[in-house]
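**Student:** Give me a 3D structure for the following:
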Amino acid sequence: MSGIRRREFITLLGGAAAAWPLAARAQQPTMPLIGFLGPALDRRRHWLAEFGKGLGAEGFVEGQNVTIEYRSANGGAEGLPELATDLVRRQVAVIFASGPPAAAAAKRATQTIPIVFVSGGDPVQMGLVSSFHRPSGNVTGFYFLATELVAKRLALLHELLPRATRVAVLVNPSNVATAEPTVRDVAIVGRALSLDIQVYNVSTRGELDAAFAAFSSWGPEALFVAPDPLFNTERAQLVDLAARHALPASYFQRDHVEGGGLMSYGPDFADFYRQAGSYVGRLLKGVRPADLPVQQPSKFELVINLKTAKVLALSIPPAFLARADEVIE
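**Tutor:** Have a look, this model is predicted:
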C-alpha cells in the first residue's frame with residue numbers, strides 16, 4: 001500500500017469510527033415526554049407519587065422509559081397559558097393538567113396533543129369535552145364533582161353546627177368554573193337553611209390573610225371553603241388561620257383535615273391522580289382520548305378531626321361520628 005493510499009485508508013477508517021456512535025445514537029429510541037401542568041406542584045408531592053403509580057401500572061417509569069416536564073404556576077392561574085404553550089413547543093406526547101385553569105389553558109394551547117385533566121369544574125360546561133362517555137377531540141380526564149357537592153357539604157356543616165347562623169364562604173373568583181356554581185348553590189341552600197351567607201373573594205395568598213382579617217367586623221360562626229386549587233395549595237395557611245380565629249370549617253378534601261381542619265366531604269383525590277397516571281400511560285401506548293370516557297367518583301368520604309373539634313369545644317353527636325368514613329383522633 002502506497003503512503004497516499006495508506007493515509008486515505010486511515011482517514012476513511014477514522015471517519016467511519018467517528019460516525020458509528022452517531023449512527024448508534026440515531027437508532028436508539030427517544031423516551032416519550034409528558035407535560036405536567038398545574039399550580040404549586042411542589043406542595044402536591046403525595047398526589048404526584050400517586051400519578052407515578054398509575055403510570056407505572058401501564059409500564060412507564062419516570063427516568064427509565066419516560067420523561068416528565070413539570071410546569072408549575074406557583075398557586076396562581078395567570079401564568080398557566082404561557083406554561084401550557086411552552087409544553088406544546090417542547091413537543092410533549094401527552095399533557096396532564098391539574099385543576100380547571102390548567103385544563104382550560106392546555107385546551108387553548110393545543111387541539112392535537114392528548115390531554116388528561118383532573119378538574120372540579122364541569123368539563124362539558126367548560127368546553128373541554130363534548131360528552132362524558134365519548135369525549136371528542138384530544139381531551140379526556142377525571143371530574144370529581146366538587147361543585148355538585150356544595151349543597152351536601154353546607155348541609156353537613158349546618159347539621160354539625162345547628163346553632164351557627166352566619167357562615168363565611170371563601171371562593172376564588174379567578175376560577176370561574178368552580179366559583180360561580182359555589183356562590184349560586186350556597187345562596188340557595190343558605191336560604192333553605194335560614195343561614196346568613198357572606199362570600200369573600202380570595203385569589204392570592206395575601207388576600208387570604210385579608211379575608212380572615214375582615215371576618216372580625218362581621219363575626220362568622222363557621223367557614224365554608226370552596227373547591228379550588230389555590231385553597232389546596234395554601235391549605236396549611238388556611239387551616240392555621242381558621243384555628244387562630246376559632247372557626248369551625250368545612251373543606252373539600254381530606255388533606256385539610258389531616259392537617260388540622262375540622263371536617264371534609266369529597267372524593268378520594270389520590271385515587272383520581274393514580275387513575276390519571278394510568279390514562280396517560282394508555283395514551284402513550286396509542287389509545288385515543290375519545291376512547292377513554294371522562295370518569296366521575298362513585299364514592300365520597302366524610303372525614304372529621306376529633307382533636308380539632310375538642311380544641312373548638314365542639315360536641316359532635318355520636319350519630320354524626322358514626323356516619324364518618326374516618327375520624328382522626
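**Student:** What are the neighbouring residues in contact with Tyr33?
**Tutor:** Just so we're on the same page, residue 33 is Leu rather than Tyr. Taking CB atoms under 8 Å, 6 or more residues apart in numbering as the contact definition, Leu33 lies against Val66, Thr67, Ile68, Glu69, Arg90, Gln91, Val92, Ala93. Any C-beta I mention is one placed from the backbone N, CA and C, and that applies to glycine too.
**Student:** mind redoing it with 7 Å?
**Tutor:** Contacts for Leu33 (CB atoms under 7 Å, 6 or more residues apart in numbering) come out as Thr67, Glu69, Arg90, Val92, Ala93.
**Student:** how near is it to Arg45?
**Tutor:** 21 Å (CB to CB, to the nearest Å).
**Student:** what does Phe117 give?
**Tutor:** Distance from Phe117 to Arg45, by CB to CB: 20 Å.
**Student:** who's more crowded, these two?
**Tutor:** Phe117 (30 against 9; other CB atoms under 10 Å).
**Student:** Which secondary structure element is home to the more buried one?
**Tutor:** In the assignment (DSSP states H and E), Phe117 maps to strand 115-119.
**Student:** Could you list every helix and strand in contact with that strand?
**Tutor:** strand 94-98, helix 100-109, strand 139-143, helix 269-284 (3 or more CB pairs under 7 Å, 6 or more residues apart in numbering; DSSP states H and E).
**Student:** quick one: contacts of stretch 276-289?
**Tutor:** Under CB under 7 Å, 6+ apart, the answer for stretch 276-289 is 32, 34, 51-55, 57-60, 93-94, 96, 114, 116, 118, 135, 138-142, 292.
**Student:** Show me the helices in the stretch 151-300 of the chain, by range?
**Tutor:** In the stretch 151-300 of the chain, the helices defined using DSSP state H, counting those that start in this stretch lie at 176-192, 205-218, 229-233, 235-244, 254-258, 269-284.
**Student:** Most tightly packed of those?
**Tutor:** helix 229-233 (a mean of 25; mean count of other CB atoms under 10 Å).
**Student:** related to what we said a few turns ago, redo the helices and strands packed on strand 115-119 as CSV? Include distance to Asp185 and mean pLDDT.
**Tutor:** Formatted as CSV, the helices and strands packed on strand 115-119 follow (distance: least, CB to CB, whole Å; pLDDT from 0 to 100):
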stretch, distance to Asp185, mean pLDDT
strand 94-98, 24, 96
helix 100-109, 16, 93
strand 139-143, 17, 96
helix 269-284, 21, 94
